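Chemist: Next come a sequence and a model predicted from it.
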Amino acid sequence: MTETTSESLAEFRVRVREWFAAHVDLTGGSAESLEGVDAARRFQSALFDAGLAGLTWPEEYGGQGLTQAHQLAFNEEAEPYVVPTMPLLIGLGMCAPTLQEVGSQEQRDRHLARMLRGDEVWCQLFSEPGAGSDVAGLRTRAVQDGSDWVVNGQKVWTSGAHYSDYGLLLARTNPDVPKHLGLTMFVVDMRAPGVTIRPLRQITGGANFNEVFFDDVHVPGDAVVGEVGRGWQAAVTTLMNERVSIGAGGGGLGRRLGGGEYAALADLARRRDATADPVLRQSLASVFVEERLLELLSSRMREDAKAGRTPGPQGSVAKLAGAQLAKHAAEVGLEVLGTAAWTDDDADAERWTTSLLGAPGNAIAGGTPEIMKNILGERVLGLPREPAVDRDVPFRELRVGGGTS
Amino acid sequence: MTVTSVADDLRASVRGFLTDTAAEPEVRRIADSPSGFDAALWGRLSGELGLTGLVVPEEFGGSGAGFAELGVVLEEMGRVLLPSPFLSTVVLGAGALLLSGDASAQAAHLPGIASGELRVTVGGVVGTPRCEAVTGSRGWLIDGTAEGVIDGATADLLLVFASCEGGTSLFAVPADAAGLSRTPLRTLDLTRRQARVGLHATPATLIGSAGDGDRIAAALLDRARAAQAAEQLGGAQRVLEMAVEYARTRYQFGRAIGSFQAIKHRCADMLIDVERMRVAAAAALAAVDAGAPDLPVAARVASSFCGDAYFAAAAANIQVHGGIGFTWEHPAHLYYRRAKSAQLLFGSPAEQREELMTILEAGRD
């Protein structure tokens, strides 16, 4: 992009601001639905054409090769808008960085620019019914057949599988070695014969999650990401990017998701004449404090990123505190409402019950509080790990999920 | 030099000094002594390190630094539970004088604070003053009682909020004033003394203008809460370190107890709170330095959260230590005592949350 080589950060910021102003019609809505995906693709391709997609990605993959400071400036300019790219975040925030770090040159050339334009939507196929927090205990098998691999098994909690073009699949290629050593990562075509996608209805009533079944699905040999038997290392790359992605609020594009809880509750309490109740005032103030602390943590993380400092534990803390805040706020919301029964036209009840029902999923997705606290305890505080009964045992001798492997 | 590296240097120098001079046995010795502080150590803190003059303007012999720097010092003092009239003299005493805008009182007392020769405290900053001041031919005379005055028995100068005809006002009373009685109180916190101060027709000097007391007290309380949040952070960080150290080295059932999730998660919860205390305290201190209109909010956010979180951490630390944790010999109880006392010192978290709601609601109009 020769026209931008001499562009200052301030000029860049103006360009972003003007682009958003000119493309307001592409913003708004972020539903994880088929219509939502179309909106996301339209937005992303316009962004790409304007030279504003993949700001920190290398230019060879269609990115702009700019700095983290540019990304932060972009995020700040995007703040007033609802950016509809939620359905692309798994691909752009997790799958693409994995391909960049451990994928083959051919995989990068084939997919990265298309992902960046919104032409390809990706999902991540790690979790299984028997492998949740212990994802390395997964049982989906990939068996070599000539130059191909044949995949059989079941994945679960797969966000966006129903609208994805490709997925990053983690499968077991060797059950005779300890669990972490027998895994391989693949790129799979989500429309390949033998792939069956079934929506899972969540407690919110929505269905963004899926079960994905693999029945004799043929995957070509060049679809291996990284090396055979080194799928765990590749998966760790993906998961680390997931935390970065969540910590930064989805690349800065989802920061407002948990925001404004106090303001919404205070507004509700005023409209329902509940602001004089001293017990409720304590709850409202607590929500305000929790929310303020979360904002302060986020801005500390942004400052650290700007200054190039190694990220501290604030990301994990923010995830845990954010989940806690969402649940607490929803509980206070229902307390203000005073009832859990409502008429069709009661938007307040709709909003707070949806929050309440979304809260448990919020806390569990992307690492349960228990797993997050293990990580904080072990990696940050240096506490010893639990004695592992599975570390040196061949996978086929392990008990996994509700049965055996 | 960047702001961060200045703070890092200050932290290193204060920590080094306190490591040498305020190890646990020394802290206990000072806390048990009749005065509850160590005059020689105070002399070094003010003279050698210049800490008592940190936020005193240069024209009065101080170094004119801000609360961001003061917070670093308080955090380090809170870490070791240094028994010292620093909070009372520097945060409350110097703070009240600076907020009063009374140039002659500042000129009279701030240089002494900066040099370490004058220890000052403030009475009646929390709640409605229970002192009354009247003026007559003998000047101002005060009657009443100030409860729970921090370091009230040993301060050289007491600043007291009292009500008079013009409203609440701030007065200065020297320690040797007539009719002044000081009764040391038993304190839950063994490392911070408090006293009941009685005034019986005690001569006093008005500081600032009559009726300005409510404004000074409110602003002083915000500063005190921000400052104490830093102290609370230091203490919470220390009890977290103690708990983690013990959990790594104490073996039961053939394993380090920190490998059990029940203990590991307790420690992680403490870390989560400490990280939040850190940003809360920093924001409140920054609001003081910026003179931000948001200070009353930032101070209450920090103080209510840090008060609860420090006490929870201090209690969790005892729990992680088990039997040894509730012995007199182990330092865990010193932090437990400080944490509860600090939580209530400048208004309880519940009171501050209630005030927060009032401020937030008023901000909408």
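Modeler: Great, that's in hand.
Chemist: where along chain B do the helices fall?
Modeler: For chain B, applying DSSP state H gives helices covering B:3-21, B:24-32, B:39-46, B:67-80, B:86, B:95-100, B:103-115, B:213-249, B:261-290, B:295-321, B:332-345, B:349-362.
Chemist: now these in TSV, with mean neighbour count?
Modeler: No exception for glycine: its C-beta is placed from N, CA and C like everyone else's. TSV is the format used below for the helices of chain B (neighbours: other CB atoms under 10 Å in any protein chain shown):
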stretch	mean neighbour count
helix B:3-21	14
helix B:24-32	16
helix B:39-46	17
helix B:67-80	24
helix B:86	24
helix B:95-100	25
helix B:103-115	19
helix B:213-249	24
helix B:261-290	23
helix B:295-321	25
helix B:332-345	22
helix B:349-362	18
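Chemist: export these to TSV and tack on distance to residue A:396?
Modeler: Shown next, in TSV, are these (distance: least, CB to CB, whole Å):
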stretch	distance to residue A:396
helix B:3-21	53
helix B:24-32	55
helix B:39-46	66
helix B:67-80	52
helix B:86	65
helix B:95-100	70
helix B:103-115	74
helix B:213-249	35
helix B:261-290	28
helix B:295-321	39
helix B:332-345	48
helix B:349-362	55
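Chemist: So for residue A:92, which of the ones you listed sits nearest?
Modeler: For residue A:92, the closest of those is helix B:261-290, at 28.3 Å, according to CB to CB.
Chemist: Up against chain A, what does chain B have?
Modeler: Residues of chain B that fall close to chain A, judged by CB under 8 Å from any CB of the partner chain: B:240, B:244, B:247-248, B:255-256, B:258-261, B:263-265, B:267-269, B:271-272, B:275-276, B:279-280, B:282-283, B:297, B:301, B:304-305, B:350, B:353-354, B:356-357, B:360-361.
Chemist: go again using 7 Å as the cut-off
Modeler: Counting by CB under 7 Å from any CB of the partner chain, chain B comes close to chain A at B:244, B:247-248, B:255-256, B:258-259, B:261, B:264-265, B:267-268, B:271-272, B:275-276, B:279-280, B:283, B:301, B:304-305, B:350, B:353-354, B:356-357, B:360-361.
Chemist: still on that earlier bit, would CSV of the helices of chain B with mean pLDDT and distance to residue A:15 be doable?
Modeler: Formatted as CSV, these follow (pLDDT from 0 to 100; distance: least, CB to CB, whole Å):
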stretch, mean pLDDT, distance to residue A:15
helix B:3-21, 91, 31
helix B:24-32, 98, 59
helix B:39-46, 97, 54
helix B:67-80, 98, 36
helix B:86, 98, 52
helix B:95-100, 98, 47
helix B:103-115, 98, 52
helix B:213-249, 98, 40
helix B:261-290, 97, 32
helix B:295-321, 98, 35
helix B:332-345, 98, 51
helix B:349-362, 96, 38
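Chemist: So which of those is nearest residue A:288?
Modeler: Residue A:288 sits nearest to helix B:349-362 of all the helices of chain B, at 6.6 Å, using CB to CB.
Chemist: Can you name every helix or strand that that closest one contacts?
Modeler: In terms of contacts (3 or more CB pairs under 7 Å, 6 or more residues apart in numbering or on different chains; DSSP states H and E), helix B:349-362 is packed against helix A:278-306, helix B:295-321.
Chemist: In contact with the residue in the stretch 1-150 of chain A that chain B sits nearest to, which residues?
Modeler: In the stretch 1-150 of chain A, the residue found nearest to chain B is residue A:133; the distance is 11.9 Å by CB to the nearest CB. The neighbourhood of residue A:133, defined by CB atoms under 7 Å, 6 or more residues apart in numbering or on different chains, consists of A:368, A:371.
Chemist: Give me the neighbour count for the nearest residue to residue B:158 once chain neighbours are set aside.
Modeler: Excluding the flanking residues, the one nearest residue B:158 by CB to CB, 6 or more residues apart in numbering or on different chains is residue B:173, at 4.7 Å. Number of residues near residue B:173 (other CB atoms under 10 Å in any protein chain shown) recorded here: 26.
Chemist: do the one 10 residues further on as well
Modeler: Applying other CB under 10 Å, we find 12 residues neighbouring residue B:183.
Chemist: surely it meets residue B:194?
Modeler: No - here residue B:183 lies out of contact with residue B:194, judged by CB atoms under 7 Å, at a distance of 10.0 Å.
Chemist: and the residue of the stretch 1-150 of chain A closest to chain B, helix, strand or coil?
Modeler: What DSSP: H, G, I helix; E, B strand; the rest coil gives for residue A:133 is coil.
Chemist: how about it, phi and psi?
Modeler: Main-chain torsions, residue A:133, degrees, to the nearest 10: phi -60, psi -40.
Chemist: residues touching residue B:184, list them.
Modeler: Here residue B:184 is in contact with B:153, B:193, B:195 (CB under 7 Å, 6+ apart).
Chemist: Distance check, it against residue B:344.
Modeler: Between residue B:184 and residue B:344 the computed distance is 19 Å (CB to CB, to the nearest Å).
Chemist: for stretch B:138-154, what is the average pLDDT?
Modeler: Stretch B:138-154 comes out with an average pLDDT of 96.
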